[in-house]
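>>> Got a sequence here, can you model it:
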Amino acid sequence: MRLDPEIEDLFPTVPLLAVIPREQWHVSSLGGLTNRSYRLQGGGCDLVLRWPGESASRYLDRAAESGNADAVAKLGLAPAVLAADTRRGWYIAEFETGARALSGDDFRNLATFAEVVALLGTLHCSDIRFPFQQGLFQAIDLYLDLAPTPLMIDLRRQLDPAQTALRRNPGPRVPCHIDPNPANFLRRCDGSLCLIDWEFAAMEEPLWDLAAIALEAALDEAAERAVIEPRIGARQWPRFELYKTALLLVAASWCEMERAAGNAAADLVHLRDDRIRRLQARLVDPRYGIWLAEA
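Numbers count the residues shown, from 1 in each chain. All right, here's what the predicted structure looks like:
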């Protein structure tokens, strides 16, 4: 497989790759909604190249991603970074040979869900300091600025009370992944989990990551509480529910913004519509007023 000329230029210029002739490298695409990821196999090496997508460069600091991934790799939570160019935003890491990505069904398994929570807890309790700070409504407003639509703007207005409630008792900012969807968790051959794709990583309340995985798992409340509440405490539950509510619009507005930028991935429409439907349901949920009052 031949790649764009700019990517092909890495083979003779990056020492890690240049020691093996280009014709001996087998390249296969690993896909991705915004980035381009490639598996590079040759000379006994098995690597993954993360190449930044153009649309995401409008709202992400590409220079930070490889540093984020490298810092987390030192904790044993991510594959080791072997080469990187912070200016252009690409990096090469070890490919987790034999690993498989988790799915939504895996997240609905309580034992696996608890493993995911524990991995994120290790990250949240670490002394890593990502250079970027995130915010729920900061993200939403950024995406809406890039792709305003009447529906998204109306949903943003309906979330004003949630924004006010969440401003009352902010928690400490800790290192967070920000995009912990099932496909970003890999089950290694030895049974352990690792986490990939650190482009969104930022300092945020741990509730962001925990609410995001809860939305993906869609467990019943009793099962969700059994795993999450020991991590955050019962008093944080209303705030946790508001994070889940706001994250639905973070995802929907991101999808809309990516589509406006020309990203034709079919999954974006399905994800956007699902998140809008779930958000609208939560906004009329009788418990929403309680979450607002008690957050």
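
>>> Can you tell me what sits against stretch 20-40?
Contact partners of stretch 20-40, identified using C-beta atoms under 8 Å, 6 or more residues apart in numbering, comprise 1-3, 7-8, 11-12, 17, 41-43, 45-53, 55-56, 92, 95, 197, 199, 258, 263, 265, 267-268. C-beta here means a position set from N, CA and C on the backbone, and glycine is covered the same way.

>>> end to end, how far does it reach?
Separation of the first and last residues of stretch 20-40 by C-alpha to C-alpha, to the nearest Å is 11 Å.

>>> List the buried residues in stretch 217-234.
The neighbour-count check on stretch 217-234 (16 or more other C-beta atoms under 10 Å) flags Ala217, Leu219, Glu224, Val227, Ile228, Arg231, Ile232 as buried.

>>> try stretch 231-244
For stretch 231-244, by 16+ other C-beta under 10 Å, it's Arg231, Ile232, Gln236, Trp237, Pro238, Arg239, Phe240, Glu241, Leu242, Tyr243, Lys244.

>>> and what of stretch 151-163?
Neighbour-count burial for stretch 151-163, counted by 16+ other C-beta under 10 Å, picks out Met152, Leu155, Arg156, Leu159, Pro161, Ala162, Gln163.

>>> which stretch of helix or strand covers Val27?
strand 26-31 (DSSP states H and E).

>>> Tell me where the stretch 101-250 of the chain has helices.
104-107, 110-124, 136-146, 150-158, 160-166, 207-217, 221-232, 237-260 (DSSP state H, counting those that start in this stretch).

>>> Same list, those, but as JSON lines with distance to Pro21 and mean pLDDT please.
Shown next, in JSON lines, are the helices of the stretch 101-250 of the chain (distance: least, C-beta to C-beta, whole Å; pLDDT from 0 to 100):
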{"stretch": "helix 104-107", "distance to Pro21": "39", "mean pLDDT": "94"}
{"stretch": "helix 110-124", "distance to Pro21": "39", "mean pLDDT": "97"}
{"stretch": "helix 136-146", "distance to Pro21": "43", "mean pLDDT": "95"}
{"stretch": "helix 150-158", "distance to Pro21": "50", "mean pLDDT": "98"}
{"stretch": "helix 160-166", "distance to Pro21": "55", "mean pLDDT": "98"}
{"stretch": "helix 207-217", "distance to Pro21": "42", "mean pLDDT": "97"}
{"stretch": "helix 221-232", "distance to Pro21": "50", "mean pLDDT": "96"}
{"stretch": "helix 237-260", "distance to Pro21": "37", "mean pLDDT": "96"}
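
>>> Put together CSV for these, with distance to Arg272 on each row.
Below are these laid out as CSV (distance: least, C-beta to C-beta, whole Å):
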stretch, distance to Arg272
helix 104-107, 17
helix 110-124, 24
helix 136-146, 11
helix 150-158, 9
helix 160-166, 20
helix 207-217, 14
helix 221-232, 24
helix 237-260, 4
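
>>> Out of these, which is closest to Ser192?
Nearest to Ser192 among the helices of the stretch 101-250 of the chain is helix 110-124 (8.9 Å), distances taken as C-beta to C-beta.

>>> thought Ala69 was touching Val81?
Yes - if you go by C-beta atoms under 8 Å, Ala69 and Val81 touch, sitting 5.2 Å apart.

>>> what do these two both touch?
Tyr91, Ala93.

>>> Can you tell me which of the contacts of stretch 20-40 end up in helices?
Counted as lying in helices by DSSP state H, out of those, are Ile7, Glu8, Phe11, Pro12, Leu17, Glu258, Asp267, Leu268.

>>> where's the second one relative to Ser37, distance?
Distance, Glu8 to Ser37, using C-beta to C-beta, to the nearest Å: 16 Å.

>>> State the pLDDT value of Arg58.
pLDDT recorded at Arg58 is 60.

>>> Please apply the same query to Pro52.
So, for Pro52, pLDDT stands at 79.

>>> Which residue is the nearest non-sequential neighbour of it?
Gly89 (4.0 Å; C-beta to C-beta, 6 or more residues apart in numbering).

>>> Next: Asp106.
Thr112 (4.9 Å).

>>> In the protein, which residue is most central in space?
Nearest to the mean C-alpha position of the chain, counting by C-alpha atoms, centre = their mean, stands Asp179 at 1.5 Å.

>>> quick one: contacts for it?
Taking C-beta under 8 Å, 6+ apart, one finds Asp197, Glu199, Phe200, Ala212 in contact with Asp179.
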